[in-house]
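[1] this one's sequence-less:
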DNA sequence: ATAGGGTTAG
């Protein structure tokens, strides 16, 4: 810019500054500033220059000049504060606010409407409350809706919904922004019904909803799976002409998938001409939450093919898809994409990766990722603790749990589930009991069914059956799962009488519970009480109860092979049988003895032995060994039920004779078989 | 001359 050197009158300066704002050039303003200073007019133009800097995005320069001025207009103070808030310079904004008060400049409605956000961002409720008090003294709290909604927003962010509501009720002229802030507050703190009530009262009060309101209220509908209202609001959106607004569309999509109507979500998605990363992510999340992990991954690939860049939200969700169906290979590929986007150390992606590796039995990988996470939080901690827990590394889990205290992270209910599982899987009975007792006393955690389930299992398996029973009695309405766990513990400790007593109790509660029948018939079978086995099985048949057939699957080269006991439908059955026969000879020669106690049918010994051979995990392992070379040092198998004692013993021997690691995930935990030993130490 | 609320996650 060429500066007019001849004319140096105020009118020229004003027009120069205006030009700078139009061209958004900070360096030009600096030149103008120098010019003005030379001519001695600075005092009169300070506010104007600052306004110029701010409008050009020069926060730092604005601040520099601001500090040099002896006096600034209240408008300038306000602009400075709001622009600092907008640039996430929260501390500086609060500093300016305090400075203005010290200098005797009273904050006004503009000041409060921007500074309050600063307090919620800093987490300083106290200071926010002080500012609130000040606004009441100045008569601004209820008379100005901007101040009112900023206060509502602040209290909402702090979860102080009672105060948010009190302020909202006092504001004289309530508008859509104020109501939306209140709706969001309620919905983000689990009070979605209250959010809906606010929405209704807003509409009844004649205030029209806009795209922001629609987006927020749909989240509330989705959270409580209130499809009826969700559909009503869908109608309202169409009527109000917000149909094509991306944010409300996205929330609509999420609402439908949270209500389980994934097809409707897909319909909404199809109407987007140019779906953005958020839209894609919402769809993918919906698919994952509705158990359609494979479709979610297909959509993810489609998204990247359309050169839409995934973000941390997208990646953590597809990682979750991989871990829920234990697709390690697929997950590793996504890990590479995560790295490519520089999100390895992100808290959410990190937690999802830890979870993935944990659920695939690789605690070492999980730990490597975990150690790289920049900002650990409760969830990422929980993921790592859970990885250790399910893989039977109880001491490591407890060590991390203790580290949470040092990091000042409050353990939540999920943390305790993981910790108790860790104790359970490692036989740390005393530690488990102590931690359980401390939950309510020291951590104020509400005990859930899951916590009780862990403890019943822990006590039961260690033989403290009466204590386990007493604990179940404490639960208000105990679930069959708790009783089943106790029955199974009775089986382990040969307490047939007690098992029968508990069974009668359960069947009074839930007469058709197939799990209980199966457990009892297994207990009878293991003690050779075949007449009782037949009786149980007859009852089951009469009641048309079916048990889940045992299944094992193995993922080789991204292809899943599923096996069931005695099922020879696999195209490679011949090879499987050959490998299995050869393996049997080799393990027997080093000491394996079939344990026919685990055959739950009354057959002669030879037939019993045969039936053991054909357990689904043995077939899967034989297949995996046949298909892979020695270079594949570890084999992963997955089971829907728990591993039986004979297979467990057999796999130990196999791991030794073939010198490979076999990792098995059953319905409860992982077993890492290596060199003739299992990571569970034979306690499971 | 300056101001307040919203879409996706582990």
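    Yep, it's here. Note that the structure is a prediction, hence the values are computed from the model and not measured.

[2] the domain parsing of chain A - what is it?
    A:403-542, A:551-678 (automatic domain parsing).

[3] avg pLDDT for the first one?
    Translated: domain A:403-542. The pLDDT scores in domain A:403-542 average 87.

[4] first-to-last residue distance for it?
    54 Å (Cα to Cα, to the nearest Å).

[5] before we move on, back to that, the domains of chain A: which one's closest to residue A:350?
    Closest to residue A:350 of the domains of chain A, according to Cβ to Cβ: domain A:403-542, at 14.6 Å. Using the backbone N, CA and C atoms, a C-beta is placed for each residue, glycine as well.

[6] near DNA strand B at all, the closest one?
    No - using Cβ under 7 Å from any atom of the strand, domain A:403-542 never reaches DNA strand B; the gap is at least 10.4 Å.

[7] tell me how far that domain lies from the chain's centre.
    In terms of Cα atoms, centre = their mean, to the nearest Å, the centre of domain A:403-542 is found 26 Å from the chain centre.

[8] if we can go back for a sec, quick one: the domains of chain A as TSV, columns for mean neighbour count too.
    TSV is the format used below for the domains of chain A (neighbours: other Cβ atoms under 10 Å):
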stretch	mean neighbour count
domain A:403-542	18
domain A:551-678	17
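
[9] which residues sit against the helix or strand harbouring residue A:181?
    Per DSSP states H and E: residue A:181 is located in helix A:176-188. Contact with helix A:176-188 is made by A:145, A:148-149, A:152-153, A:155-157, A:161, A:164-165, A:168, A:171, A:192, A:194-195, A:198-199, A:202, A:207-210, A:212-213, A:216-217, A:219-220, A:223, as judged by Cβ atoms under 8 Å, 6 or more residues apart in numbering.

[10] if I've got this straight, residue A:439 is in a helix?
    Yes - counting by DSSP: H, G, I helix; E, B strand; the rest coil, residue A:439 is part of a helix.

[11] for residue A:173, which non-adjacent residue is closest in space?
    Nearest residue to residue A:173 in three dimensions, chain neighbours excluded: residue A:145, at 5.6 Å (Cβ to Cβ, 6 or more residues apart in numbering).

[12] mind checking pLDDT for that neighbour?
    98.

[13] now do the one 4 residues further on
    The model reports residue A:149 with a pLDDT of 98.

[14] tilt between the host helix or strand of residue A:220 and helix A:176-188?
    Residue A:220 belongs to helix A:211-223 when elements are defined using DSSP H and E. On the basis of axes from the mean of the first three to the mean of the last three Cα atoms, to 10 degrees, helix A:211-223 is oriented at 20 degrees to helix A:176-188.

[15] quick one: contacts of helix A:211-223?
    A:176-177, A:179-180, A:183-184, A:186-187, A:190, A:192, A:195-196, A:199, A:202, A:209, A:226-227, A:229-230, A:233, A:236-237, A:240, A:242, A:245, A:247-248, A:250-252, A:254-259.

[16] what about those, which are in strands?
    Using DSSP state E, the subset of these located in strands is empty.

[17] which of these are close to DNA strand B?
    Near DNA strand B, by the rule Cβ under 7 Å from any atom of the strand, you find A:176, A:177, A:180, A:184, A:245, A:247, A:248, A:250, A:251, A:254 out of those.

[18] between those residues, which is nearest residue A:12?
    residue A:177 (40.7 Å).

[19] any idea how far residue A:136 is from the closest one?
    Per Cβ to Cβ, to the nearest Å, residue A:177 is found 20 Å from residue A:136.

[20] higher neighbour count, those two?
    residue A:177 (19 against 15; other Cβ atoms under 10 Å).

[21] can you pull the pLDDT of that one?
    pLDDT at residue A:177 comes out at 98.

[22] just residue A:5 next, same as before
    For residue A:5, pLDDT reads 53.

[23] which one is whatever residue of the stretch 201-350 of chain A ends up closest to DNA strand B nearest to, not counting chain neighbours?
    Using Cβ to the nearest atom of the strand, residue A:247 is the residue of the stretch 201-350 of chain A that sits closest to DNA strand B, at 2.2 Å. Of all residues not flanking residue A:247 in the chain, residue A:215 sits nearest, at 4.4 Å (Cβ to Cβ, 6+ apart).

[24] for stretch A:145-163, buried residues please.
    A:145-158, A:160-161, A:163 (16 or more other Cβ atoms under 10 Å).

[25] those residues: which ones sit near DNA strand B?
    A:145, A:146, A:147, A:148, A:149, A:150, A:153.

[26] which among the contacts of helix A:211-223 count as buried?
    Buried among the contacts of helix A:211-223 by 16+ other Cβ under 10 Å: A:176-177, A:179-180, A:183-184, A:186-187, A:192, A:195-196, A:199, A:202, A:209, A:226-227, A:229-230, A:233, A:236-237, A:240, A:242, A:245, A:247-248, A:250-252, A:254-259.

[27] what ranges do the helices span in the stretch 451-600 of chain A?
    A:465-474, A:480-492, A:496-509, A:514-526, A:530-542, A:573-589 (DSSP state H, counting those that start in this stretch).

[28] for residue A:674, list each beta-bridge partner.
    residue A:677 (DSSP bridges).

[29] ok, it touching residue A:658?
    No - taking contacts as Cβ atoms under 8 Å, residue A:674 lies outside contact range of residue A:658: 11.2 Å.

[30] residues from the stretch 201-350 of chain A in reach of DNA strand B?
    A:210-213, A:215-216, A:219, A:245-248, A:250-251, A:254, A:276-279, A:281-282, A:285, A:288-289, A:311-314, A:316-317, A:319-320, A:346-350.

[31] mind giving me the PyMOL select for the residues you listed, buried ones only?
    In PyMOL, a selection of the buried entries from those looks like this (16+ other Cβ under 10 Å):
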select buried, chain A and resi 211+212+213+215+216+219+245+247+248+250+251+254+279+281+282+285+288+289+311+312+313+314+316+317+319+320+346+347+348+349+350
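
[32] from the residues of the stretch 201-350 of chain A next to DNA strand B, which land in helices?
    Of the positions in these, A:211-213, A:215-216, A:219, A:246-248, A:250-251, A:254, A:277-279, A:281-282, A:285, A:288-289, A:312-314, A:316-317, A:319-320, A:347-350 sit in helices, assigned by DSSP state H.

[33] skipping adjacent residues, who's closest to residue A:503 in space?
    Per Cβ to Cβ, 6+ apart, closest to residue A:503 is residue A:520, 5.3 Å.

[34] what's that neighbour in contact with, if anything?
    Per Cβ under 8 Å, 6+ apart, neighbours of residue A:520: A:487, A:499, A:500, A:503, A:532, A:536.

[35] closest one of the residues you listed to DNA strand B?
    Among the contacts of residue A:520, and counting by Cβ to the nearest atom of the strand, the member closest to DNA strand B is residue A:487, at 32.2 Å.

[36] returning to that earlier point: of all the contacts of residue A:520, which two lie farthest apart?
    A:487 and A:532 (14.2 Å).

[37] strands of chain A, start to end?
    A:551-556, A:559-564, A:634-639, A:661-665, A:670-674, A:677-678.

[38] out of those strands, the one nearest DNA strand B is which?
    Short answer: strand A:661-665, nearest of these by Cβ to the nearest atom of the strand, at 17.0 Å.

[39] would you turn the strands of chain A into CSV with mean pLDDT and distance to DNA strand B?
    Converted to CSV, the strands of chain A look like this (pLDDT from 0 to 100; distance: least, Cβ to the nearest atom of the strand, whole Å):
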stretch, mean pLDDT, distance to DNA strand B
strand A:551-556, 84, 20
strand A:559-564, 83, 22
strand A:634-639, 86, 19
strand A:661-665, 87, 17
strand A:670-674, 88, 18
strand A:677-678, 87, 28
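
[40] can you say which of these is nearest to residue A:456?
    Taking those one by one with Cβ to Cβ, strand A:670-674 is closest: 21.3 Å.
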